[in-house]
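Q: any chance you can model this:
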Amino acid sequence: MASGGGGGDGGRVIALDFDGVVCDSVGESSLSAFKAAAIYWPDIFATPEAEAQKPRLVEQMRAVRPVVETGYENVVQIRCLYEGVGVEDMLERWHAGMLDDYMKKWQLDRHELVTLFGRVRDDWIASDLAGWLAPNRIYPGVADAVRAALAGGDEVYVVTTKQARFTATLLRDMAGIDLPPERIHSTTVSGEPKSRVLARLAEQHPGAASYVFVEDKFSTLEKVIKAPETAGKWRLFLVDWGYNTPPERQQAADNPGIELVGVQQFADLMAGTL
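A: Predicted structure coming up:
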């Protein structure tokens, strides 16, 4: 059993994914994707026809959110959906060739889309912070649990594909958690796997009582299990909320290296009693 407290050596190192674990951000990311698409493809999305389709597209974006790994993918997804790609087809094939195929078809550059998506969010925040925050929500009970871990002296980090400045804003303004910049690790620009970030955190805290990583993506936890730098080092948890599917939750439940948790179990984990 892991125990809280201790701060540095002797305490726990807790790494949390953000979107899907702490924050339900799909409303905002979908609207930002539409704004970005209207800039990138104005002849398609800056039109009354596309505006009329926005409610349908935002609803479908929520359905396909489980396959998104990095924010810029939302921009590609929303055009795919507008062009008639089916939700089930996208859930099955997004990272089995569909994303790459459409990136090539539309001659898209990953770095360019990352920059555009970030700029759209920056502009929205600068002009209407309340409006940008409104489509987001913090999952019930999660913020209190994270604050309990911080109060108990655990070393808490966020390891996310979301750009760090947006993560920090949501943590501060919606969850009431003010993490310093060095506690928020974003892999969006670097594209490095989360396993590498986790390995560095373990190296920074060699005397920790335990290492805890909480995710909502089963595929990410699978990669952590298989990566030599993290295999067997971290206790891995998949939350039963967020952007995963019933089959993925069943896979996690059947995997001896992963523990499936609900909100109460997550609270117990953060308190050091699980």
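Q: what mean pLDDT does stretch 215-228 have?
A: Across stretch 215-228, the average pLDDT comes to 96.
Q: where do the strands sit along the stretch 1-150 of the chain?
A: Counting by DSSP state E, counting those that start in this stretch, one finds strands in the stretch 1-150 of the chain at the ranges 12-16, 23-24, 137-138.
Q: how about JSON lines for those, with mean pLDDT and distance to residue 172 added?
A: Glycine gets a C-beta too; all of them are placed from N, C-alpha and C. Shown next, in JSON lines, are the strands of the stretch 1-150 of the chain (pLDDT from 0 to 100; distance: least, C-beta to C-beta, whole Å):
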{"stretch": "strand 12-16", "mean pLDDT": "98", "distance to residue 172": "15"}
{"stretch": "strand 23-24", "mean pLDDT": "98", "distance to residue 172": "12"}
{"stretch": "strand 137-138", "mean pLDDT": "98", "distance to residue 172": "11"}
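Q: burial check on residue 143, number of neighbours?
A: 17 (other C-beta atoms under 10 Å).
Q: equivalent analysis for residue 101, please.
A: 12.
Q: returning to that earlier point: for residue 116, find the nearest of the strands of the stretch 1-150 of the chain.
A: strand 23-24 (21.6 Å; C-beta to C-beta).
Q: assign residue 208 to helix, strand or coil.
A: coil (DSSP: H, G, I helix; E, B strand; the rest coil).
Q: and the pLDDT at it?
A: 95.
Q: hang on, the earlier thing: redo the strands of the stretch 1-150 of the chain as TSV? Include distance to residue 245 and mean neighbour count.
A: As requested, the strands of the stretch 1-150 of the chain are arranged in TSV below (distance: least, C-beta to C-beta, whole Å; neighbours: other C-beta atoms under 10 Å):
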stretch	distance to residue 245	mean neighbour count
strand 12-16	21	24
strand 23-24	16	22
strand 137-138	20	17
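Q: now the ones you listed as CSV including distance to residue 202?
A: Listed next are those as CSV, based on distance: least, C-beta to C-beta, whole Å:
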stretch, distance to residue 202
strand 12-16, 7
strand 23-24, 25
strand 137-138, 28
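Q: for those, which one sits closest to residue 182?
A: Per C-beta to C-beta, nearest to residue 182 of the strands of the stretch 1-150 of the chain: strand 12-16, 13.3 Å.
Q: check which helices and strands that closest one is in contact with.
A: helix 142-151, strand 155-160, helix 194-204, strand 210-215 (3 or more C-beta pairs under 8 Å, 6 or more residues apart in numbering; DSSP states H and E).
Q: CA atoms of it as PDB?
A: Taking Å, rounded to 0.1, in the frame of the first residue of the first chain, the C-alpha atoms of strand 12-16 are listed here in PDB:
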ATOM      1  CA  ARG A  12       5.100   9.200  -3.500                       C
ATOM      2  CA  VAL A  13       5.600  10.600  -7.000                       C
ATOM      3  CA  ILE A  14       2.200  11.000  -8.700                       C
ATOM      4  CA  ALA A  15       1.800  11.700 -12.400                       C
ATOM      5  CA  LEU A  16      -1.600  12.600 -13.700                       C
END
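Q: in its sheet, what does it sit against?
A: strand 155-160 (parallel), strand 210-215 (parallel) (DSSP bridges).
Q: before we move on, the earlier item: could you dump the helices and strands packed on strand 12-16 to TSV with distance to residue 115?
A: Output for these, formatted as TSV (distance: least, C-beta to C-beta, whole Å):
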stretch	distance to residue 115
helix 142-151	30
strand 155-160	18
helix 194-204	22
strand 210-215	26
